[in-house]
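Fold the following and give me the result.
(one chain, ligands or ions: 1)
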Amino acid sequence: MRGLLNLKDLSTDKILELIKYAEKLKKGFRIQYPDKKIATVFFENSTRTHYSFQCALMNLGIKIIDVDTSHSSVNKGESLYDTVRTLEALGVDGIVIRHSKDDYYKELENIKIPIFNGGDGKANHPTQSLLDLMTIHEEFGKFKGLKCCIVGDISHSRVAHTNIEIMQRLGMEVYISGPEEFNDNSAPYIPLDQAIDEMDIIMLLRVQFERHQEKMSITVEEYHQKYGMTVERMKRMKEKAIIMHPAPFNRGVEIAGEVAECEKSRIFEQMTNGVYVRMAVISDSLDGNL
Ligand code: CP
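Numbers count the residues shown, from 1 in each chain. Model (predicted):
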């Protein structure tokens, strides 16, 4: 299949190439595809991924077909495959999809146009990981040897699962922390206060209540006190260490409101970088390389 479905299928060289291309686009490199049309199809809520893909498409001069899934024939029982096959028949040149089902793209193997995965269930969020990596690369100029702890609702997080795999491949030391009930052993566990003292990057995650089968065993106030990035914890981080979060974030739960915009926070820079990463992915694919 063409496009970008997950990062596991890409070599580390290809991932580094995409990050460098995104950095070049951020510095002002201009490329246009005025004859192309791309559809965005979001079956789950999204602010950043949906609209940064749209900004990326606009920056590339591509026409956008934004499919309103609440009014599409999906609600009459049409399958994902038939929706995508229809858009392909209409002549779109690629489709951005977010879906709640893990690995939904495996149903789309007969589709010839590129598919850009905007997040599938708990499994993959490739453009989020690329923008996280771009932000880390801009900050530190390298990956090898950096220590990152991902904190929070690991077991329900496609961001955590995608990042752990690629960060380890790039030579980073990756740990997880947070409530034991969210520990899926996808990386070594470290107590949060040890992580605060030792890490170069603390990556916080939102508690994904909408994916929980059972109620969290602690209150959000207890969560903030035990596992949240408080002002006190932020002040104990290493001088050059940074705070990241894929967002949306819940101020007062996994992060104190004032910490979200403190000088260690790169949260809004991550969002800015998301536009360039998505431009790089789409451009590379339309050029026949992805
Ligand atoms: N980070 C992220 O995927 O945010 P959205 O759900 O708003 O797209």
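
Write out the residues of this protein neighbouring the ligand.
46, 47, 48, 49, 50, 119, 128, 246, 247, 248 (C-beta under 6 Å from any ligand atom). Where C-beta positions appear, they are placed from N, C-alpha and C, glycine not excepted.

Who are the contact partners of the last one?
Right, residue 248. With contacts defined as C-beta atoms under 8 Å, 6 or more residues apart in numbering, residue 248 is in contact with 47, 48, 206.

tell me the phi and psi of it?
Backbone torsions of residue 248, given as degrees, to the nearest 10, read phi -70, psi 150.

so what pLDDT did the closest residue to residue 240 other than its chain neighbours get?
Ranked by C-beta to C-beta, 6 or more residues apart in numbering and with sequence neighbours excluded, the top spatial neighbour of residue 240 is residue 200, at 7.1 Å. On the pLDDT scale, residue 200 is placed at 98.

For the stretch 1-150 of the chain, which segments count as helices?
12-26, 48-59, 80-90, 126-140 (DSSP state H, counting those that start in this stretch).

among these, which is the most enclosed?
Counting by mean count of other C-beta atoms under 10 Å, helix 126-140 has the highest mean neighbour count of these, with a mean of 23.

So what's the gap between it and the chain middle?
9 Å (C-alpha atoms, centre = their mean, to the nearest Å).

And stretch 4-15, by the same measure?
Distance, centroid of stretch 4-15 to centroid of chain: 14 Å (C-alpha atoms, centre = their mean).

dump the residue contacts of the residue lying closest to residue 101 once chain neighbours are set aside.
Once flanking residues are discounted, residue 101 sits nearest to residue 121: 5.4 Å by C-beta to C-beta, 6+ apart. Contact analysis of residue 121 by C-beta under 8 Å, 6+ apart lists 99, 100, 101, 102, 103, 104, 158.

can you check residue 37 too?
62, 63, 64, 65, 91, 92, 93.

Narrow these to those that are buried.
62, 92, 93 (16 or more other C-beta atoms under 10 Å).

returning to that earlier point: what's the distance between the residue nearest to residue 101 and residue 100?
6 Å (C-beta to C-beta, to the nearest Å).
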